[in-house]
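With the sequence up front, the predicted model follows.
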Amino acid sequence: MKVIFMGTPDFSVGTLEALIEAGHEVTLAVTQPDKPKGRGKAMQFPPVKEAALAHGIEVYQPRRVREEACIQYLRKYEADIIVVVAFGQILPKEILEMPKHGCINVHASLLPKYRGAAPIQWAVINGEQVTGVTTMRMDEGLDTGDMILKEEVRLTAEETGGSLFDRLAQTGAKLCLRTLTAIEDGTATYTPQDHDLATHTTMIKKQLGEIDWKKPAQELERLVRGLNPWPSAYTFLNGKTLKIWKAAVAERPDEEQASKQENGEEQENLQIEPGSVAWVTKDSLLVQTGQGLLKLLEVQLEGKKRMTIDAFLRGFAVDEGCRLGKE
């Protein structure tokens, strides 16, 4: 089919390349404008733009797709279908009704659950065991269109926002091709969503990563995984930001801590405040939370590189009773 592709981040690239490899005629890639990035604020291309240019596909970067100039620009391509994957703007009715087969969206959740932004990270943060990808025929609402196909993906115990991102991107690319085949041969079915079952996710902001040590360890461990690699979970150690890249729930002292007790190094039987370092050995650091202990496994102190906790403790002294978080 003759396709206009609309997408912006890395997640979109796999679907764009799958469409090209499958022989669809991608005549135009529409993506968000370039943005400054890094200390030097150099302008950076969105990943979809880089991929499109590498394949010799024309790129269009409107600031607002609702503007009449944009609508008229798209109209001249006479696309059979518009494929949208994490584009970042709501499409107006004029664009939705423009192609012969309408606009389809590849959405990284099992709709109607997790409409909106950041469904991938929230699936990890909320402890979902299963998520997936849904293709749908777009309407004027936010992820409210009729569903076409779904593919489930089961989360692993070690799943991070980054690993799930990669898996769903691959799943979405394959599901998009199956969806276009069904639309082309007339076998596609369109199932309305049950709006009463819908949930809406919010955008991920850096502030979400600040650890609230009063929360249960299990919840904080999921937050660490969900925000890896961006924006990452973090706390503060002696006034410096301490990113937590990997952690585990430790409901009771591990073997090393039991060994400490046997050697007469038992912890005073005092109430430990959330955020206090409860146990430290040469290669283990456990922090008290509102419920249970969180064992830090990989950290990164402000201005330093990411490292395992044993490497970190060889260079930085952390005492039991030390408080993590803002002073």
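Great, that's in hand.

Show me where the stretch 151-300 of the chain has its helices.
Using DSSP state H, counting those that start in this stretch, the helices of the stretch 151-300 of the chain run over 161-185, 217-226, 255-262.

Beta-bridge partners for residue 250, please?
Counting by DSSP bridges, residue 250 forms beta bridges with residue 293.

what about it, neighbour count?
Counted with other CB atoms under 10 Å, residues neighbouring residue 250 total 20. Placement of C-beta: from N, CA and C, glycine included.

got a list of what it touches?
Going by CB atoms under 8 Å, 6 or more residues apart in numbering, residue 250 touches 217, 286, 292-295.

Among these, which one sits closest to residue 61?
residue 294 (43.0 Å; CB to CB).

isn't that closest one right next to residue 279, touching?
No. Assessed by CB atoms under 8 Å, residue 294 is found out of contact with residue 279, at 11.1 Å.

Quick check: neighbours shared by these two?
Common neighbours of residue 294 and residue 279, counting by CB under 8 Å, 6+ apart, are residue 286.

which of those two has more neighbours?
For residue 294 versus residue 279, the count of surrounding residues by other CB under 10 Å is larger for residue 294: 28 against 20.

For the more buried one, list the residues it contacts.
By CB under 8 Å, 6+ apart, the contact list for residue 294 reads 217, 220-221, 247-250, 286-287.

who wins for most neighbours among those residues?
Most neighbours among the contacts of residue 294, by other CB under 10 Å: residue 287, with 28 neighbours.

can you pull the pLDDT of that one?
If you check residue 287, the pLDDT there is 97.

Test my guess that it contacts residue 293.
Yes. At 6.7 Å, residue 287 counts as touching residue 293 under the criterion of CB under 8 Å.

Give me the common contacts of those two.
residue 278.

what comes up buried for stretch 157-177?
Of all the residues in stretch 157-177, those buried under the rule 16 or more other CB atoms under 10 Å are 159-165, 167-169, 171-173, 175-177.

pull the CA atoms of it into PDB?
C-alpha atoms of stretch 157-177 as PDB (Å, rounded to 0.1, in the frame of the first residue of the first chain):
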ATOM      1  CA  ALA A 157      10.800 -10.600  36.800                       C
ATOM      2  CA  GLU A 158      13.800  -8.500  35.700                       C
ATOM      3  CA  GLU A 159      11.800  -6.400  33.100                       C
ATOM      4  CA  THR A 160      12.900  -2.800  32.800                       C
ATOM      5  CA  GLY A 161      11.200   0.100  30.900                       C
ATOM      6  CA  GLY A 162      14.000  -0.200  28.400                       C
ATOM      7  CA  SER A 163      13.800  -4.000  27.800                       C
ATOM      8  CA  LEU A 164      10.000  -3.900  27.500                       C
ATOM      9  CA  PHE A 165      10.300  -0.900  25.100                       C
ATOM     10  CA  ASP A 166      12.500  -3.000  22.800                       C
ATOM     11  CA  ARG A 167      10.300  -6.100  23.000                       C
ATOM     12  CA  LEU A 168       7.100  -4.200  22.300                       C
ATOM     13  CA  ALA A 169       8.700  -2.300  19.500                       C
ATOM     14  CA  GLN A 170       9.500  -5.600  17.700                       C
ATOM     15  CA  THR A 171       6.000  -6.900  18.500                       C
ATOM     16  CA  GLY A 172       4.400  -3.800  17.200                       C
ATOM     17  CA  ALA A 173       6.300  -3.800  13.900                       C
ATOM     18  CA  LYS A 174       5.100  -7.400  13.200                       C
ATOM     19  CA  LEU A 175       1.500  -6.700  14.300                       C
ATOM     20  CA  CYS A 176       1.400  -3.600  12.000                       C
ATOM     21  CA  LEU A 177       2.300  -5.700   9.000                       C
END
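
which residues sit against that stretch?
Stretch 157-177 is contacted by residues 10-11, 13-15, 17-19, 22, 83, 85, 104, 106, 108, 120-121, 123-124, 131-133, 135, 149-151, 153, 155-156, 225-230 when judged by CB under 8 Å, 6+ apart.

now these: which count as buried?
When the contacts of stretch 157-177 are checked for burial by 16+ other CB under 10 Å, the buried set is 10-11, 13-15, 17-19, 83, 85, 104, 106, 108, 120-121, 123-124, 131-133, 135, 149-150, 153, 155, 225-228.

got the contact list for the residue nearest to residue 213 when sequence neighbours are not counted?
Nearest residue to residue 213, sequence neighbours excluded (CB to CB, 6 or more residues apart in numbering): residue 275, at 3.5 Å. By CB under 8 Å, 6+ apart, the contact list for residue 275 reads 213-214, 235, 287-289, 323-325.

Closest one of these to residue 48?
Nearest to residue 48 among those: residue 235, at 34.8 Å, using CB to CB.

if I read this right, the closest one contacts residue 209, doesn't it?
No. Residue 235 is beyond contact range of residue 209, at 9.2 Å (criterion: CB under 8 Å).

quick one: residue 193 and residue 15, what's the gap?
21 Å (CB to CB, to the nearest Å).
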